[in-house]
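>>> need the 3D shape of this:
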Amino acid sequence: MLLAEHAGVDPELALQVMSESPIGSPMLKARAPMFLDPPDTAWFDVDLMQKDIKLALASGRDLDVPLPSTSVVAELLTAAQGHGYEHRDITVLHRLLNDLSAARVRRKLGFAA
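Below is the predicted model:
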């Protein structure tokens, strides 16, 4: 979604294409409207997701099962918590990635992040 936006694609069109395509997941289809307008409250927030991800990573370590994607998710959720998004819905990760992208652009231009 963020890549489409940065490429100049209308966010509503991008979500429509992604959610209505054959590869669109049921979760994406259900959550698509929330990407454009993330809810202020969540029934399953970033803190709860992080708890579950940490449990999965601990199980992976105990069983010697590498979980590289899960590790990346843990990093993103930690960043979301650091940005004050701990009680927000998963769709706030879109906002987080946009924040991180904007900070990189500011650094490249020589401005403080």
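>>> what segments of this structure are helices?
2-6, 11-20, 26-36, 46-62, 68-82, 92-108 (DSSP state H).
>>> from the centroid of this structure, which residue is nearest?
residue 93 (2.7 Å; Cα atoms, centre = their mean).
>>> from residue 43, how far out is that one?
As for residue 93, its distance to residue 43 is 16 Å (criterion: Cβ to Cβ, to the nearest Å). Any C-beta I mention is one placed from the backbone N, CA and C, and that applies to glycine too.
>>> before we move on, what about residue 70?
22 Å.
>>> quick check: domain ranges of the protein?
Listed domain ranges for the chain are 1-35, 38-113 (source: automatic domain parsing).
>>> and residue 27, how many neighbours?
A count of neighbours around residue 27, defined by other Cβ atoms under 10 Å, yields 10.
>>> where's it relative to residue 13, distance?
20 Å.
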